[in-house]
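Engineer: here is my input; please provide its structure:
(one chain, ligands or ions: 1)
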Amino acid sequence: MKILVTGGAGFVGSHLIEELLVEGHEIVCLDNFSTGKKNNLNQFQEQITLVDGDIVDTKDLQTALDGVESVYHLAAQISVSHSVRDPLFDASININGFINLLNALLKSSVKRIVYVSTGGAIYGEPPKIPASETTPEAPISPYGLSKLVGEKYLRWYSTNHGLSYAIIRPANIYGPRQDPLGEAGVISIFLGRILNQEPLEIFGDGSDTRDYVYVKDIASICMAAMDSKKNDTYNAGTGIQITLEDLVDTIGEVTSLPYKKEYKEPRPGDVKKIALDITKAKTELNWTPRISLKEGIQYTWDWFKNET
Ligand SMILES: NC(=O)c1ccc[n+]([C@@H]2O[C@H](COP(=O)([O-])OP(=O)(O)OC[C@H]3O[C@@H](n4cnc5c(N)ncnc54)[C@H](O)[C@@H]3O)[C@@H](O)[C@H]2O)c1
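Structural biologist: Numbering: from 1, shown residues only. A predicted model of the protein is given here:
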């Protein structure tokens, strides 16, 4: 099948492309390289069609969608802090860019889209953890808001134009190729800082919790959601809450290197506690995360030592 992956040169997109190629699909990658890297595609550059373009540009979308049957939409402004500093820019990509893509799909041969939303930022501070898909959405950042609006537009296009879709709401994704210099992706940031003997910055008192899910597990749920014919929304995490302090301990065990912690003020827009209930994905998509946190940090560390 000919498949478009938007944001395919990014961290998650490049892993998804790798897995789709294993299944024998023909891949088109559309990316403007704002945070994505050509390096991420190095191993399989010869096997894919790369469109260096922007989802806000209708012509780029037309080029990328030629003959495509299904789409994974990952291109996005992904930083919560950036969205707080510049909500208009965030919305220009995550809302306007997405609507532009949805309009282009209506003029294409695409039958189904998998949209990678967010589970970590869409529920705000949920009343009950782990949060299920029926927990009211209550984002506290422009990023969470723009992803939620994107979901609502997608459902509108589905109802009014018959587009088949699945929405994936991932928890905090980590793994090889995540940018250690970005503002998102605390595991990569900490591994990068340990390697450079820099202190680990902890925003808040270290009691904040997150649900960390390995990138290959996200690739597999996206593919399971594409194969399912249902129009539906699925959390993708582990269901396990990990405090920042526990995360740092596990990273310390894996790297066996000394490190210092530096406590800073909490960042606006960051939620305090989150983990996702993944019962629905387990029962309806027959998906379960395979990689434990310690294993995943080990794989990520092995990659870091060789690549960065
Ligand atoms: N990393 C996480 O923890 C996490 C968690 C939940 C959801 N997500 C979602 O997963 C998706 C992928 O995130 P990631 O972590 O791989 O980030 P990333 O920044 O590595 O990937 C995003 C990709 O989109 C590209 N892009 C950005 N704006 C674009 C535009 N206007 N036109 C074309 N390409 C554009 C970037 O160059 C990059 O390659 C995003 O939609 C993000 O919101 C990520």
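Engineer: quick one: low-confidence residue ranges for the stretch 101-250 of the chain.
Structural biologist: 183 (pLDDT under 70).
Engineer: up against the ligand, what does it have?
Structural biologist: In this structure, the stretch 101-250 of the chain approaches the ligand at residues 116, 118, 120, 170, 172-173, 184-185, judged by CB under 6 Å from any ligand atom. The way it works is simple: take the backbone N, C-alpha and C, and place the C-beta from them, glycine included.
Engineer: change it to 8 Å
Structural biologist: Residues of the stretch 101-250 of the chain found near the ligand, taking CB under 8 Å from any ligand atom as the criterion, are 116-121, 143, 147, 169-174, 177-179, 182, 184-185, 218.
Engineer: out of those, which are buried?
Structural biologist: When burial is judged by neighbour count using 16 or more other CB atoms under 10 Å, the buried members of those are 116-121, 143, 147, 169-174, 177-179, 184-185, 218.
Engineer: please enumerate the strands of the stretch 151-300 of the chain.
Structural biologist: For the stretch 151-300 of the chain, applying DSSP state E, counting those that start in this stretch gives strands covering 164-170, 172-174, 200-203, 209-210, 212-214, 232-236, 242-243, 261-264.
Engineer: what is the fourth one packed up against?
Structural biologist: So that's strand 209-210. Helices and strands in packing contact with strand 209-210 are listed as strand 242-243, helix 244-255; criterion 3 or more CB pairs under 8 Å, 6 or more residues apart in numbering; DSSP states H and E.
Engineer: now with 7 Å, please.
Structural biologist: Contacts of strand 209-210 with other secondary structure elements, assessed using 3 or more CB pairs under 7 Å, 6 or more residues apart in numbering; DSSP states H and E, are made with strand 242-243.
Engineer: and for the third one?
Structural biologist: Helices and strands touching strand 200-203, as assessed by 3+ CB pairs under 7 Å, 6+ apart, comprise strand 261-264.
Engineer: what pairs with the strand it packs on, parallel or antiparallel?
Structural biologist: Its sheet considered, strand 261-264 pairs with strand 200-203 (parallel) by DSSP bridges.
Engineer: list the buried ones in the strand it pairs with?
Structural biologist: 200, 202-203.
Engineer: avg pLDDT for stretch 6-25?
Structural biologist: Average pLDDT, stretch 6-25: 98.
Engineer: using CSV, list the CA coordinates for stretch 237-257.
Structural biologist: The C-alpha coordinates for stretch 237-257 follow below in CSV (Å, rounded to 0.1, in the frame of the first residue of the first chain):
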residue,chain,number,x,y,z
GLY,A,237,0.9,4.4,27.2
THR,A,238,1.6,1.8,29.9
GLY,A,239,-0.8,2.8,32.6
ILE,A,240,2.1,3.2,35.0
GLN,A,241,2.8,6.5,36.8
ILE,A,242,6.5,7.2,37.2
THR,A,243,7.7,10.1,39.4
LEU,A,244,10.6,12.2,38.0
GLU,A,245,12.7,11.2,41.0
ASP,A,246,12.1,7.5,40.2
LEU,A,247,12.9,8.2,36.5
VAL,A,248,16.2,9.8,37.4
ASP,A,249,17.1,6.8,39.6
THR,A,250,16.3,4.3,36.8
ILE,A,251,18.4,6.4,34.4
GLY,A,252,21.2,6.4,36.9
GLU,A,253,21.0,2.6,37.2
VAL,A,254,21.2,2.2,33.4
THR,A,255,24.0,4.6,32.7
SER,A,256,26.1,3.9,35.9
LEU,A,257,27.4,7.4,35.6
